[in-house]
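A.B. asks: Got a predicted structure here, sequence first:
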Amino acid sequence: MSNIAVMQPYIFPYIGYFQMISAVDKFVFYDDVNYIKGGWINRNRILINNLPQYFTIPLIKASPNRLINEIEFDASNKDYSKLTHKIQQAYAKAPYFKEVFPIIKDILNHKTTYISELAIYSVITICRYLDIDTKFFVSSKDFNESKGLDRADRLIDICKKENCDTYINAIGGQELYTKEYFSENGIKLFFIESEKVTYKQFGDEFCPWLSIIDVLMFNEKEVIKQMLNKHKLI
């Protein structure tokens, strides 16, 4: 038997997202659930002049009443067209800029109009760079028949369809799911908790939990692979 995790698609998420992916055999992008306003689906933070600043992918008619995979982003918006240059300016002097910037540029030039597809592409592309061999699924395409189930029941159904006996959830899920309920349905539930990851940035004071872009720009691939293991299951 194997293990699995399910998570909404985020654009250039923080390293904890990749720790979760690397900890499982199978990973599902949960794209057919409601959009979360003010969440991490279309935004994150990078380091600009030694300070954390948000970057945002501008969306068209985004609403918590719409599914993530229904929402398009506005590629014609000046903020989006300037994002590649913004990242270039912020990290041009970072030690791994030459290796990483072409990857970021490729992602932002990806031919799609949907934020879910852009976010998924960002994650899978970076996983390939980091040699993460987890198998990926998309809930709207691979598990559409279970869409009407309650939240926990759908996750359990996904586990069973993929012959997984263990489900790993983000630490925030402790408020939503109980180990007892999953156990009653034959599934072991664990929550993944990231340990603090530190590395040398431009300044003396470290700024944690930024986008994976920051991690990639300041660390060689083998070091990042070690960072992926800095977590615990509870």
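C.D. replies: Perfect, thanks for sending it.
A.B. asks: farthest residue from the center of this protein?
C.D. replies: Each residue of the chain has a distance to the centre, and by Cα atoms, centre = their mean the biggest one is for residue 184: 29.2 Å.
A.B. asks: Give me the phi and psi angles of that one.
C.D. replies: When quoted as degrees, to the nearest 10, the phi and psi of residue 184 stand at phi -60, psi -20.
A.B. asks: Can you report phi and psi for residue 138?
C.D. replies: Residue 138 adopts backbone torsions of phi -120, psi 120, taken as degrees, to the nearest 10.
A.B. asks: Show the contacting residues for it.
C.D. replies: By Cβ atoms under 8 Å, 6 or more residues apart in numbering, the contact set of residue 138 is 28-29, 31, 120. (C-beta placed from N, C-alpha, C; glycine too.)
A.B. asks: if you set the cut-off to 10 Å instead, what comes out?
C.D. replies: 9, 28-32, 69, 116-117, 120, 144 (Cβ atoms under 10 Å, 6 or more residues apart in numbering).
A.B. asks: From those residues, keep the buried residues only.
C.D. replies: 9, 28-32, 69, 116-117, 120 (16 or more other Cβ atoms under 10 Å).
A.B. asks: Keep only those of the residues you listed that are in strands.
C.D. replies: With DSSP state E as the criterion, strands contain 28-29 from among these.
A.B. asks: Would you point out the most distant pair within the buried ones among the contacts of residue 138?
C.D. replies: Using Cβ to Cβ, the buried ones among the contacts of residue 138 span at most 15.1 Å, a distance reached by 28 and 117.
A.B. asks: Tabulate the buried ones among the contacts of residue 138 in a markdown table, adding columns for distance to residue 103 and pLDDT.
C.D. replies: Output for those, formatted as a markdown table (distance: Cβ to Cβ, whole Å; pLDDT from 0 to 100):
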| residue | distance to residue 103 | pLDDT |
| --- | --- | --- |
| 9 | 18 | 99 |
| 28 | 23 | 99 |
| 29 | 19 | 99 |
| 30 | 24 | 98 |
| 31 | 22 | 98 |
| 32 | 27 | 98 |
| 69 | 24 | 98 |
| 116 | 20 | 99 |
| 117 | 17 | 99 |
| 120 | 15 | 99 |
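A.B. asks: So for residue 148, what pLDDT did the model give?
C.D. replies: Note for residue 148: predicted pLDDT of 88.
A.B. asks: again with residue 81
C.D. replies: On pLDDT, residue 81 comes in at 88.
A.B. asks: tell me the contacts of it?
C.D. replies: Taking Cβ under 10 Å, 6+ apart, we find residue 81 in contact with 58, 74-75, 108.
A.B. asks: List the buried residues in the helix or strand bottoming out on mean pLDDT in the chain.
C.D. replies: None of the helices or strands of the chain scores lower by mean pLDDT, DSSP states H and E than helix 78-81, at a mean of 91. Using 16+ other Cβ under 10 Å as the test for burial, helix 78-81 gives residue 80.
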